[in-house]
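Asks: Below is the structure, and that's it, no one-letter string:
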């Protein structure tokens, strides 16, 4: 007889501070926010005090459209953190938001990574992980249909 398995530990929580709080608070409200430089127009994630392109401190927050394209991905078949053991396999990806910044995220609502292609259109899906709203992306099947 096997002992009952214990539930996985909670997922690691993000380190929320004054710099990145607007990003995390926006996700709770159903929006994805990123930073843009008022001096050169460069956009980025994660949050920084200065523009990584020109080092200006003229930094503003903008709301993303929720559209992105797939740059690269990897499928995890082994949970290197016990908190993820019930999620395998899961897809970790780099996406480019329509507004320019790239971000690390998960791709959801796919059966197999074989469905994914470079530059595939994606759409934002905000999901709750415990007390934290997290930005994930799924294939944008409507755009796929219209492109054909």
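Replies: Perfect, I can see it now. If you're wondering where the values come from, they're calculated on a predicted model, not measured in any experiment.
Asks: low-scoring stretches of this structure, by residue?
Replies: In the prediction, the chain carries residues with pLDDT under 70 at positions 1-8, 142-148.
Asks: Show me where it has its strands.
Replies: Remark: strands assigned in the chain by DSSP state E are 33-37, 43-44, 59-63, 67-76, 90-97, 102-107, 121-129, 132-139.
Asks: which one of those has the most crowded surroundings?
Replies: Greatest average neighbour count among the strands of the chain goes to strand 33-37 (a mean of 21), per mean count of other C-beta atoms under 10 Å. Glycine gets a C-beta too; all of them are placed from N, C-alpha and C.
Asks: between that strand and strand 102-107, how big is the angle?
Replies: Taking axes from the mean of the first three to the mean of the last three C-alpha atoms, to 10 degrees, one finds that strand 33-37 is oriented at 170 degrees with respect to strand 102-107.
Asks: hmm, back to that, between the strands of the chain, which one is nearest to residue 15?
Replies: Go through the strands of the chain one by one with C-beta to C-beta and the one that ends up closest to residue 15 is strand 132-139, at 11.2 Å.
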